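Peer 1: sequence first, then the predicted structure:
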Amino acid sequence: MHRRHFLRAAPLMAAASAGFANAADGVFPDGEPRMRRFEDQRWTLDNIIQANGIDWDQGHVGVLLGACGLMIQNDMAVLRQAVKKYADIVPAFERLARKREAMAIEFQKNEEMIPARDNYYVAAAYWATSMWGNEEHGPRLRNANDKKRTLFTKYMQLADHHIEWVEIPYRGKSVPAIFHLPPNYQPGQKVPVIVAVPGMDGFKERSVSLRGDNWMERGYAVLAIEGPGYWESPVRGVFIDVQGWIDTGREVVKWLRARPEIDVEKIAATGSSFGSFFSAAMISGEPAFKACAVTGTCYDIGGRRIFDEASPTFKKRFMFMSGIVDEGEFETFRKTIDWRPFAGAIKAPFLIAGGEADELCPLASTEAFVKALGGPRQLVVYQDSRHSLNGPSVANGPEPRLYQAEWMTKRLQGKPMASERWFVDNAGRVEKAPLG
């Protein structure tokens with residue numbers, strides 16, 4: 001079976017006006033990924049979700065709370081009640097998105113612009129989240145993407161800082177990104193920039209939090225990107241490609257160098273979860289990146305643990321991102337998810353924060369990646385923590401994302417660092433050892 005079946009549906013032509021003009025030229029899979037373990041274990045999956053809720057596989061609610069703030073606490077309580085099986089996820093987020101959109105419109109009509117702004121952001125985040133769990137190209141997926149872009153545009157118009165949509169050239173098409181300048185930016189300033197790569201369950205619209213964002217507070221610009229295979233890119237027919245991420249890194253730097261606001265000597269990257277892999281690929285071919293910091297690692301070559309041992313939804317989602325519906329074909333393709341060809345080319349300082357008990361990536365795989373890096377590196381391991389980085393060691397030790405922001409600032413200031421392995425125990429104590 002050919003990897004990507006031609007499905008040039010007429011509705012995609014209309015999608016161009018919504019901000020992804022190259023979508024009509026895409027090549028799309030026929031149907032959703034067909035995966036044996038997902039089909040055989042569907043009853044088990046639904047029972048696990050009924051018993052454990054929306055966070056059965058990782059901390060979705062916590063991530064949304066971090067991006068949107070405490071204003072969505074009641075929404076998350078409603079979500080927990082609504083989601084009793086996998087099929088409940090998409091409609092539950094659609095309902096919440098419609099509610100928040102209606103609230104935003106009403107606030108704006110009453111000239112109450114701050115709550116209008118906040119609700120547009122939340123509504124966009126909910127529409128984007130509703131795309132997760134929808135692994136079939138069609139009107140529902142495109143509608144969610146259109147709504148997300150429309151509502152985030154309305155948020156942009158009311159935001160407390162400059163935000164714009166960006167298109168990064170990619171093999172005759174483009175991949176989408178969002179560019180943020182820090183609040184109180186003054187024309188003529190040159191500011192450092194973070195290129196943010198979300199995880200496979202993440203999206204660019206929530207890469208900068210509504211309030212109290214670590215990068216905005218420190219005066220950074222942020223370019224949040226969805227490279228090949230990420231979120232909106234598959235809607236355009238642009239699928240996972242490791243070399244494509246390396247190529248994207250070069251195009252990102254070209255774009256940043258053309259921006260007068262950017263200090264081109266202070267370009268850095270971050271990634272989370274599978275973004276830890278793709279951010280590394282992205283910077284490996286471009287020495288303009290001066291540092292990289294990642295959390296929640298995915299360095300298991302070929303994804304053995306995440307695809308074969310974790311919730312079957314991970315593999316199905318990654319097949320969607322790869323543009324593959326046949327599982328046998330994906331088994332061949334997954335061998336390309338390999339950092340060995342590029343890790344040694346990374347000379348910039350690199351920070352990795354991971355859990356000792358990560359259920360998606362063995363610690364040994366992360367340690368092998370760290371050893372292969374070509375420059376100074378720091379590995380911070382949190383005792384007993386799983387992939388989402390939580391538990392006593394995280395609560396009592398260096399908070400991973402706060403530490404990441406401070407570490408990055410020091411690197412871009414040119415301060416030296418030692419290559420070290422830190423082990424953070426459950427009491428928050430840090431044991432340091434040199435990395436060879």
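Peer 2: Thanks, I have it.
Peer 1: next, work out how far apart the residue in the chain sticking out farthest from the centre and Asp75 are.
Peer 2: Relative to the centre of the chain, the most outlying C-alpha is that of Asn110, 34.7 Å out, by CA atoms, centre = their mean. Using CB to CB, to the nearest Å, Asn110 is found at 21 Å from Asp75. Yep, even glycine has a C-beta here, placed from its N, CA and C like the rest.
Peer 1: tell me the confidence at the nearest residue to Arg36 once chain neighbours are set aside?
Peer 2: Nearest non-adjacent residue to Arg36, counting by CB to CB, 6 or more residues apart in numbering: Glu327, 6.2 Å away. Listed pLDDT for Glu327 reads 96.
Peer 1: so Glu327 touches Pro33, yeah?
Peer 2: Yes - using CB atoms under 8 Å, Glu327 makes contact with Pro33 at a distance of 7.4 Å.
Peer 1: what residues are shared contacts of those two?
Peer 2: Counting by CB atoms under 8 Å, 6 or more residues apart in numbering, the contacts common to Glu327 and Pro33 are Met319.
Peer 1: higher neighbour count, these two?
Peer 2: Set Glu327 next to Pro33 and count neighbours by other CB atoms under 10 Å: Pro33 wins out with 22 against 16.
Peer 1: element containing the closest residue to that one other than its chain neighbours?
Peer 2: Spatially, and ignoring its direct neighbours in sequence, Pro33 is nearest to Met319 (3.7 Å; CB to CB, 6+ apart). In this structure, Met319 sits in helix 312-322 according to DSSP states H and E.
Peer 1: do the same with Gly275
Peer 2: helix 274-284.
Peer 1: Gln186 now?
Peer 2: Applying DSSP H and E, one finds Gln186 in no helix or strand.
Peer 1: residues contacting it?
Peer 2: Per CB under 8 Å, 6+ apart, neighbours of Gln186: none.
Peer 1: list phi and psi for it.
Peer 2: Here is the backbone geometry of Gln186 (degrees, to the nearest 10): phi -110, psi 130.
Peer 1: let's see the pLDDT reported for it.
Peer 2: So, for Gln186, pLDDT stands at 94.
Peer 1: what's the neighbour count on the residue lying closest to Tyr382 once chain neighbours are set aside?
Peer 2: Nearest residue to Tyr382, sequence neighbours excluded (CB to CB, 6+ apart): Ser393, at 4.2 Å. Neighbour count of Ser393, defined by other CB under 10 Å: 24.
Peer 1: report the buried residues of stretch 169-188.
Peer 2: Buried residues in stretch 169-188, defined by neighbour count with 16 or more other CB atoms under 10 Å: Tyr170, Lys173, Ser174, Val175, Pro176, Ala177, Ile178, Phe179, His180, Leu181, Pro182.
Peer 1: need these in a markdown table (columns: secondary structure, distance to Asn143 and pLDDT).
Peer 2: A markdown table is the format used below for the buried residues of stretch 169-188 (DSSP: H, G, I helix; E, B strand; the rest coil; distance: CB to CB, whole Å; pLDDT from 0 to 100):
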| residue | secondary structure | distance to Asn143 | pLDDT |
| --- | --- | --- | --- |
| Tyr170 | strand | 24 | 96 |
| Lys173 | strand | 22 | 94 |
| Ser174 | strand | 21 | 96 |
| Val175 | strand | 21 | 97 |
| Pro176 | strand | 17 | 97 |
| Ala177 | strand | 22 | 98 |
| Ile178 | strand | 20 | 98 |
| Phe179 | strand | 25 | 98 |
| His180 | strand | 26 | 98 |
| Leu181 | coil | 30 | 98 |
| Pro182 | coil | 33 | 97 |
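Peer 1: now the spatially closest residue to Ser419 that is not a sequence neighbour: how far from Val294?
Peer 2: Excluding its sequence neighbours, the residue lying closest to Ser419 (CB to CB, 6+ apart) is Leu435, at 4.2 Å. Leu435 sits 16 Å away from Val294, taking CB to CB as the criterion.
Peer 1: show me which of the two is the more surrounded one.
Peer 2: Val294 (27 against 16).
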